[in-house]
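Engineer: sequence and predicted model, in that order:
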Amino acid sequence: MTLTDRYRRPADLPPRIPIFPLRGAILLPRATLPLNIFEPRYLDMIDHVMSGARVMGILQPLLSDDDQESPIEKTAELRSVGCAGRVTSYQELDDGRLIITLTGITRFQCVDEAETDMPYRIMSVSYDRFASDLTEGLGEELVDRQNLLRVLRTYLEANRLKTDWATIQRASNEFLINALSVMCPYGPEEKQALLEAKDLRSRAEVLVALAEIDLASNGNSGTTLQ
């Protein structure tokens with residue numbers, strides 16, 4: 001059973017989910033995010049997740065003066081929009097770490113935080129605003145794929161990065177845009193803008209704009225990307 005078959009409407013998802021606050025990381029529908037879990041609080045969280053619905057949320061902390069990737073304090077402020085994912089791969093290592101893969105289901109809006117004795121955070125969330133995320137490929141036909149691929153190729157060449165271009169050419173618009181958004185090396189604000197883009201076309205436009213800014217700032221603006 002695919003995620004699209006398993007989760008057809010917001011009511012199919014748990015209203016309260018464990019949250020992994022992670023700066024500079026986002027998840028998007030049907031994209032994947034590999035995670036290396038080693039902190040005791042998050043090892044406990046994954047045990048909880050695997051014993052239940054196998055669903056958890058990725059949510060960025062708000063920017064602060066410290067540079068913690070994941071805030072230790074449960075009082076640290078978090079963004080209001082994140083993405084729920086299902087654990088689709090799970091591996092225990094000899095040193096006690098867990099290597100998991102989350103596959104994105106749908107974005108959510110935080111409603112409030114549950115008071116618990118758990119060392120990790122649990123949020124009440126609403127998926128209603130993002131119910132369209134549950135429809136695979138929605139809006140793909142509105143994406144300017146040719147421009148996206150042209151900018152991507154220029155960006156890769158400018159940064160001397162290699163990729164399997166044949167695989168990229170075969171990928172659907174949704175997979176390409178969401179996977180690139182999850183993997184791209186941008187900062188927390190840019191990542192959040194990609195996450196909160198209203199639809200695939202808007203997210204593709206944000207990706208193109210970020211790549212163009214990056215190219216221009218590095219003196220590679222000679223190629224026309226419009």
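Structural biologist: Yep, that arrived. This is a predicted model, so every value here is computed, not measured.

Engineer: drop to CA atoms for contacts and neighbour counts, all remaining ones
Structural biologist: OK.

Engineer: burial count for Arg170?
Structural biologist: Neighbour count of Arg170, defined by other Cα atoms under 10 Å: 9.

Engineer: tell me the confidence at it?
Structural biologist: With respect to pLDDT, Arg170 scores 93.

Engineer: one more: the one 3 residues further on?
Structural biologist: We note a pLDDT of 97 for Asn173 in this prediction.

Engineer: if I look at the nearest residue to it once chain neighbours are set aside, how far off is Leu176?
Structural biologist: In space, and not counting its chain neighbours, Asn173 is closest to Glu140: 5.6 Å by Cα to Cα, 6 or more residues apart in numbering. Distance check for Glu140 against Leu176: by Cα to Cα, to the nearest Å, it reads 10 Å.

Engineer: how far away is the residue nearest to Asn173 from Leu194?
Structural biologist: Distance from Glu140 to Leu194, by Cα to Cα: 16 Å.

Engineer: neighbours of the closest residue to Gly24 other than its chain neighbours, how many?
Structural biologist: Spatial nearest neighbour of Gly24, chain neighbours left out: Pro188 (4.4 Å); criterion: Cα to Cα, 6+ apart. Residues near Pro188, counting by other Cα under 10 Å, number 18.

Engineer: any idea how far Pro188 is from Val182?
Structural biologist: Pro188 sits 11 Å away from Val182, going by Cα to Cα.

Engineer: who touches both of the two?
Structural biologist: Ala25 (Cα atoms under 8 Å, 6 or more residues apart in numbering).

Engineer: which residue ranges of the protein form strands?
Structural biologist: For the chain, the strands defined by DSSP state E occupy 16-21, 32-37, 55-59, 81-92, 98-113, 121-126.

Engineer: winner for burial among these?
Structural biologist: Neighbour counts (mean count of other Cα atoms under 10 Å) averaged over each of the strands of the chain peak at strand 55-59, with a mean of 26.
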